[in-house]
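Undergrad: What follows is a protein structure lacking sequence information:
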């Protein structure tokens, strides 16, 4: 099985495979690469709907140049606990961040959230995030502000009175419930259009169907989140 970076030709094959509607596993099989390699490549470069071989190749070269510019072992480098493979952890964080980014989060915000989710404590200070992400404090501050505004993280003070930014069990639940409420609001707006456009008209019928669909989806999300909430507070299955 080949190792190392993907070549431009391989990236073109990935683009072709996505256009055919192939699953990541099938594309990886054709390239003789691990499925995780293809998944990470696609998700960190726009997702399946926006992936382009040439843009992905240029982006990878840019990231490589940026990494080479960083002196190994410089102050601020974070050591991995539990004997974890540092490179593997960084790659996983990038993959996780790419999934968040493909769902609409700005890139730096997605990276910040991924780092918080992969800490053992579930939280970090602004200084720790800056060191981990190797970006400016202003970049971290902007990402934190956005995440707080969306209810995706919360802040608390540790025993040294430092502010820490935390993702915990209830943050995931509350975020899901907020998504359900946002979806329900779309249904309310669609239903208002029925009155404006006139009941019984084709346009009103379309909006009524949208409202019914969205009502069902939002109620299902809220119900499922409530039923599954205890999973967030339970330990790993034996």
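TA: Structure received. Please read all numbers here as calculations on a predicted model, not as lab measurements.

Undergrad: Please list all residues in contact with residue 30.
TA: Residues near residue 30 by Cβ atoms under 8 Å, 6 or more residues apart in numbering: 13, 17. Glycine gets a C-beta too; all of them are placed from N, C-alpha and C.

Undergrad: start the count at 57, not 1, going forward
TA: Sounds good: first residue 57 from here, last item residue 86.

Undergrad: element containing it, please.
TA: Remark: residue 86 resides in helix 80-87, with elements defined by DSSP states H and E.

Undergrad: what's the angle between the helix or strand just after that helix and helix 80-87?
TA: Later in the chain than helix 80-87, the nearest helix or strand by DSSP H and E is helix 91-99. If you take axes from the mean of the first three to the mean of the last three Cα atoms, to 10 degrees, helix 91-99 sits at 110 degrees to helix 80-87.

Undergrad: And helix 91-99, what does it pack against?
TA: Identification of packing neighbours for helix 91-99 by 3 or more Cβ pairs under 8 Å, 6 or more residues apart in numbering; DSSP states H and E yields helix 64-75, helix 80-87, helix 142-158.

Undergrad: and residue 182, which of these is closest to it?
TA: Between residue 182 and those, the tightest spacing by Cβ to Cβ is seen for helix 142-158, at 17.6 Å.

Undergrad: which parts of that closest one are buried?
TA: Buried positions in helix 142-158, judged by neighbour count with 16 or more other Cβ atoms under 10 Å: 146, 148, 149, 150, 151, 152, 153, 154, 155, 156, 157, 158.

Undergrad: same check, this time on stretch 169-181
TA: So stretch 169-181, judged by 16+ other Cβ under 10 Å, has buried residues 169, 170, 171, 172, 173, 174, 175, 178, 179, 180.

Undergrad: Find the residue closest to the residue nearest the centre of the chain in space, skipping its chain neighbours.
TA: The residue lying closest to the centre of the chain (Cα atoms, centre = their mean) is residue 156, at 1.4 Å. Nearest in space to residue 156, with sequence neighbours left out and distances taken as Cβ to Cβ, 6 or more residues apart in numbering, is residue 166 at 3.7 Å.

Undergrad: ok, that neighbour touching residue 157?
TA: Yes: with contact defined as Cβ atoms under 8 Å, residue 166 reaches residue 157; the gap is 4.1 Å.

Undergrad: what residues are up against residue 221?
TA: 172, 179, 180, 181, 182, 185, 200, 203, 204, 209, 210, 211.

Undergrad: make it 6 Å
TA: If you count contacts by Cβ atoms under 6 Å, 6 or more residues apart in numbering, residue 221 has them with 200, 209, 211.

Undergrad: Any of these buried? List them.
TA: Buried by 16+ other Cβ under 10 Å: 200, 209, out of the contacts of residue 221.

Undergrad: What is the burial count for residue 253?
TA: Residues lying near residue 253 (other Cβ atoms under 10 Å) number 16.
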